[in-house]
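Asker: I'd like to go over a predicted model; first the sequence, then the structure.
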Amino acid sequence: MDLLVDLTKLNDAELEFRSRFPLWIKMFNAAAVSLGFLGSIGLVLRKAWSKSVLVISLISVIIQLYHSFFVVYSLDYL
């Protein structure tokens, strides 16, 4: 469910573009952001687990960007 955008105001091309992003890609985005934040806090606190968390965050970012650039071709749309 999109709470920030009123879907009735989007045109057909925008609706079709938004439908290309399934829930699992949004979950990878949320994981990348939250784990990146958690890993950064861990680095500031000099925790040993922080590097592992940041690596998982990086893998999530790579998966998300691969889908955006090579599966959805978002650069063509923009």
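Answerer: Arrived safely, thanks for sending.
Asker: C-alpha only now, for contacts and for neighbours.
Answerer: OK.
Asker: what count of nearby residues applies to Val72?
Answerer: Per other Cα atoms under 10 Å, the neighbour tally for Val72 reads 16.
Asker: same deal with Ile59?
Answerer: Neighbours of Ile59 under the rule other Cα under 10 Å: 15.
Asker: give me the distance between it and Val33.
Answerer: Ile59 sits 12 Å away from Val33, going by Cα to Cα, to the nearest Å.
Asker: ok, Gly42 next?
Answerer: According to Cα to Cα, Gly42 stands 14 Å off from Val33.
Asker: quick check: buried residues in whatever helix or strand Val55 lives in?
Answerer: Per DSSP states H and E: Val55 is located in helix 50-66. Going by neighbour count (16 or more other Cα atoms under 10 Å), the buried part of helix 50-66 is Ser50, Lys51, Val53, Leu54, Ile56, Ser57, Leu58, Ser60, Val61, Gln64, Leu65.
Asker: elements contacting it?
Answerer: Applying 3 or more Cα pairs under 8 Å, 6 or more residues apart in numbering; DSSP states H and E, we find helix 50-66 packed against helix 23-44.
Asker: taking helix 50-66 as reference, get the angle to the helix it packs on.
Answerer: On the basis of axes from the mean of the first three to the mean of the last three Cα atoms, to 10 degrees, helix 23-44 is oriented at 150 degrees to helix 50-66.
Asker: report the distance from helix 23-44 to the chain centre.
Answerer: Here helix 23-44 is found 9 Å from its chain centre; the criterion is Cα atoms, centre = their mean, to the nearest Å.
Asker: residues of that helix that come out buried?
Answerer: Buried residues in helix 23-44 (16+ other Cα under 10 Å): Ile25, Phe28, Asn29, Ala31, Ala32, Val33, Leu35, Gly36, Gly39, Ser40, Gly42.
Asker: redo these as CSV? Include distance to Tyr77 and pLDDT.
Answerer: Output for the buried residues of helix 23-44, formatted as CSV (distance: Cα to Cα, whole Å; pLDDT from 0 to 100):
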residue, distance to Tyr77, pLDDT
Ile25, 18, 90
Phe28, 21, 91
Asn29, 20, 92
Ala31, 25, 94
Ala32, 24, 95
Val33, 24, 96
Leu35, 29, 97
Gly36, 28, 97
Gly39, 33, 97
Ser40, 33, 97
Gly42, 37, 97
